[in-house]
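[1] A predicted structure for the sequence below; I have some questions about it.
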Amino acid sequence: MTTVLTSSVFLLCTLLAVMVLGLLVVVIRSIRLLEERLRAARAAPLRGLLIELVCEDDEEESAALRRLTGLDQRRWEALEPTAAAMLGKVTGRGRDALVELFERRGAVEGALAGLRRRGTLRRARSAELIGELGHEPAAPALLPLLDSRDPDLRAVAGRALGRLGDVNAVPALLDRLDGHRRIPPAVATSALIRLGPVALPAIRAGLGHRDAVARAVALDALASLGDREATDVVAGVLRDDPSPEVRVRAAHAMGFLGTRDALEPLLDTVDPAHPLDLRVAAAEALGILGAVRATPRLTALLRDPSHRVAAAAGDALLRIGPAGHLALDFSARGADGPRAAAYARAAIAAGDRGTGP
Amino acid sequence: MANVLVADDDADIRDLVTFKLTQSGHEVVAVEDGPSALAAARESAVNLVLLDIRMPGMSGLDVCRELRAEPATSGLPIILLTARSQEGDVERGFAAGADDYIIKPFSPRELASRVQAVLGRAGQ
């Protein structure tokens, strides 16, 4: 009897606690929603001024800039998120005018102070604003956020670092792809790409990183940035990297780099002595490369015993253009045997349907 | 001066484009989705259409194809707005019949110049 009573009381208390917690969440969310609505209402009359500032043609200081600079703190705080959102939507003089407004309002100092605050949201907003403003000297202050306990904050810091143009961020980003507190590879890749050509030497150095994910991210970034000078070093990764996945990424990167020097290493890699995934990637990369000289080898691969290799060769021939199409036509008519004819016909049909590579 | 139809689900972009083109002397009708863009292009005397590619309900590419398929709107100059990360859409945009494209983020001044250039090519 006592046990039943104790259990009932415990159940009731748990139920009550859950209800109170639920109510608390609803109240907090409602307050935040209300605050956001009030902020939007305070910002609405000033939004036109912001639009005017961004669209202003005059090189001279505009009336809109003067008025926005002179806003009292309360109204500026209401308008700041709207202005921050616009930073990512415009380029050219409109963006310069917004950056100037933020500088005049002391927003950089405020954001730097915000990075040291306790609240995760506050720190994330500050990091985001610093990134949007492209304030390069703030990069060292963002680096510690990559080690934050909060995964979202780490991701925001990673994205922001990509916008600042400080090449010291490259090893920091690559180092955080491994371990307990890591950042998503996609965040690191887009940050490296955003850093642009200035970061290429540091990204190339990342191909020797101890972590396979870091090497794969560096390869993707080099391919996206079209670092043609990296062809030799990427060919080395394709040949020698201990990770099969990294070698697959290297094959694709070779295709995207698009240099003549990429051809021979890729032709070597379609050889049956290599792992299947790598051969498929190399065949795909030959198509991306678009080298007419790859046509005979790809045509021969239409007869490959592996379905994936033969299908990839067909798609690659389609991608190469007229020379590849001609080879597919011959094969489809049976010039290279029935197996090659089937894969050639499938590639031609995919091209006709618009579902090819 | 021309009548320009702007379709984008982002209110900031709509307002920026509207302000800039109005400042350049054009009349602007702004809508926030594909079906509204299609309806506005059919019902109003529009000289040029600016379409965001990614919109809820109906994409800018679909609107572009529909406009090109209808005799009344097939000759309308169309400019697509696309995010940098969706540059693959540009090729599909030209295949759908677009005349030009603008990558977001964009310079309002450049946008006004591009609109003027496309209108000029269309003889308007």
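    Everything's here; your move.
[2] tell me the contacts of B:Pro108?
    A:Val54, A:Cys55, A:Val90, A:Gly92, A:Gly94, B:Leu16, B:Val17, B:Phe19, B:Lys20 (C-beta atoms under 8 Å, 6 or more residues apart in numbering or on different chains). Just so you know, the C-beta spots here come from the backbone N, C-alpha and C atoms, and that holds for glycine as well.
[3] Now it: closest residue in space that isn't a chain neighbour?
    B:Lys20 (4.2 Å; C-beta to C-beta, 6 or more residues apart in numbering or on different chains).
[4] what's around that neighbour, how many residues?
    Neighbours of B:Lys20 under the rule other C-beta atoms under 10 Å in any protein chain shown: 25.
[5] Identify each buried residue in the helix or strand harbouring B:Leu5, please.
    Here B:Leu5 is covered by strand B:3-7, with elements defined by DSSP states H and E. Under the neighbour-count criterion of 16 or more other C-beta atoms under 10 Å in any protein chain shown, strand B:3-7 has B:Val4, B:Leu5, B:Val6, B:Ala7 buried.
[6] That strand close to chain A?
    No. Judged by C-beta under 8 Å from any C-beta of the partner chain, strand B:3-7 stays clear of chain A, getting no closer than 13.6 Å.
[7] between the next helix or strand after that strand and strand B:3-7, what angle do the directions make?
    Counting by DSSP H and E, the next helix or strand C-terminal to strand B:3-7 is helix B:11-23. Calculated by axes from the mean of the first three to the mean of the last three C-alpha atoms, to 10 degrees, helix B:11-23 forms an angle of 170 degrees with strand B:3-7.
[8] Now find how far off-centre helix B:11-23 is within its chain.
    12 Å (C-alpha atoms, centre = their mean, to the nearest Å).
[9] next one: stretch A:300-318
    31 Å.
[10] same thing with stretch A:238-254?
    With C-alpha atoms, centre = their mean, you get 20 Å for stretch A:238-254.
[11] For A:Glu61, give me the pLDDT.
    Listed pLDDT for A:Glu61 reads 62.
[12] now swap in the one 5 residues further on and tell me
    What the model reports for A:Arg66 is a pLDDT of 91.
[13] Tell me, how many residues neighbour A:Pro322?
    Residues near A:Pro322, counting by other C-beta under 10 Å: 8.
[14] Before we move on, what's the pLDDT of it?
    At A:Pro322, pLDDT is 93.
[15] Is it possible to get TSV of the buried residues of strand B:3-7 that adds pLDDT?
    TSV is the format used below for the buried residues of strand B:3-7 (pLDDT from 0 to 100):
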residue	pLDDT
B:Val4	96
B:Leu5	97
B:Val6	97
B:Ala7	96
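[16] And the furthest pair within those residues?
    Maximum pairwise distance in those, criterion C-beta to C-beta, is 10.6 Å, between B:Val4 and B:Ala7.
[17] OK, now which residue of chain B is nearest to chain A?
    B:Ser107 (3.0 Å; C-beta to the nearest C-beta).
[18] The helix or strand hosting A:Met19 vs helix B:11-23, what angle?
    Assigned by DSSP H and E, A:Met19 belongs to helix A:2-55. Computed with the same axes, to 10 degrees, the direction of helix A:2-55 lies at 20 degrees from that of helix B:11-23.
[19] what's helix A:2-55 packed up against?
    helix A:63-69, helix A:73-87, helix A:92-104, helix B:11-23 (3 or more C-beta pairs under 8 Å, 6 or more residues apart in numbering or on different chains; DSSP states H and E).
[20] Which neighbouring elements make contact with the first one?
    Under the contact criterion of 3+ C-beta pairs under 8 Å, 6+ apart, the helices and strands touching helix A:63-69 comprise helix A:2-55, helix A:92-104.
[21] Can you lay out these as CSV showing mean pLDDT?
    Formatted as CSV, the helices and strands packed on helix A:63-69 follow (pLDDT from 0 to 100):
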stretch, mean pLDDT
helix A:2-55, 86
helix A:92-104, 92
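[22] mind putting the ones you listed in TSV, distance to B:Gly93 and mean neighbour count included?
    Shown next, in TSV, are those (distance: least, C-beta to C-beta, whole Å; neighbours: other C-beta atoms under 10 Å in any protein chain shown):
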stretch	distance to B:Gly93	mean neighbour count
helix A:2-55	25	12
helix A:92-104	22	19
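[23] Please verify my assumption that A:Trp76 contacts A:Arg105.
    Yes. Shown here, A:Trp76 and A:Arg105 form a contact pair, counting by C-beta atoms under 8 Å, at 6.0 Å.
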